[in-house]
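> please work out how this folds:
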Amino acid sequence: DMFEKVVVVDCRAHLLGRLASIIAKELLNGQKIVAVRTEDINISGSLFRNKLKYKDYLRKKTNSNPKLGPFHYRQPSRILWRTVRGMIPHKTKRGQAALERLKVFEGIPKPFDTMKRKVIPDAMRVLRLKPQRKYCRVGDLSSSVGWSHNDLIGRL
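Numbering: from 1, shown residues only. Presented below is the predicted three-dimensional model:
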């Protein structure tokens, strides 16, 4: 594989799990990846259903001291980050090195707005989901569980 220095992935209208698995594989192969516009990632299933799933996830906490984790990130960028982390052996040195090659952002921050952005056809919603299937935006899910910057990122 020819590596580019850094690949900027525009996550808009990609499916969360498929996107994450491709990103994870590339990271483990040594590719640096920057994911932008994470708030526009899609998840299959209605917002209501995914909200219930997230609520189940929120219930999981350390009984003796919830401050010890697991940490329930609300920001879309961290939701993608954690999904990718789940696909990487993150407790090994190799896995930690791979995760350090990933940067995630809502919107498109300064140095990356001028760089060429890629899409990943294998993970695009339009190519992967039947048209009648429901789906939701990660940004909407996040704001329904306490992320407060959905409208702000929308304005930027």
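> any low-confidence regions in this structure?
1-3, 156 (pLDDT under 70).
> let's see that with 50 instead.
1 (pLDDT under 50).
> what residue lies at the spatial centre of it?
In the chain, the residue lying closest to the centroid (CA atoms, centre = their mean) is Leu80, at 1.8 Å.
> OK, contacts around it?
Taking CB atoms under 8 Å, 6 or more residues apart in numbering, we find Leu80 in contact with 11, 16, 19-20, 35, 38, 41, 104, 138. For glycine as for every other residue, the C-beta is placed from the backbone atoms N, C-alpha and C.
> from those, which is closest to Ile153?
Thr38 (9.6 Å; CB to CB).
> ok, now how distant is that closest one from Gly30?
Thr38 sits 22 Å away from Gly30, going by CB to CB, to the nearest Å.
> what about those two, which has more around it?
Under the criterion of other CB atoms under 10 Å, the comparison of Thr38 against Gly30 puts Thr38 first, with 28 against 11.
> host element of the residue of the chain most remote from its centre?
For the chain, the residue at maximal distance from the C-alpha centroid (CA atoms, centre = their mean) is Ser64, at 29.6 Å. Using DSSP states H and E, Ser64 maps to neither a helix nor a strand.
> give me the phi and psi for it.
phi -70, psi -40 (degrees, to the nearest 10).
> can you start the count at 28 instead of 1 from here on
Shifting the count to begin at 28 puts that one at Ser91.
> mind checking which of the contacts of Leu107 are in helices?
43, 46-47, 165 (DSSP state H).
> and the residue nearest to the centre of the chain, its phi and psi?
Taking degrees, to the nearest 10 as the convention, Leu107 sits at phi -60, psi -40.
> what of Asp140?
phi -70, psi -20.
> now it: how far from Arg64?
11 Å.
> between these two, which has more neighbouring residues?
Arg64 (22 against 11).
> pull the contacting residues for that one.
Contacts of Arg64 (CB under 8 Å, 6+ apart): 37-39, 132-135.
> just Leu46 next, same as before
36, 38, 62, 68, 107, 147, 150.
> the strands in this protein, which residues?
Applying DSSP state E to the chain gives strands spanning 34-37, 60-63, 69-71, 129-131, 144-145, 162-164.
> Lys78 is nearest to which of those strands?
strand 162-164 (8.5 Å).
> partners of the closest one in the sheet?
strand 69-71 (antiparallel) (DSSP bridges).
> give me the contacts around the partner strand.
Residues contacting strand 69-71 (CB under 8 Å, 6+ apart): 40-43, 77, 152, 156, 160-165, 168.
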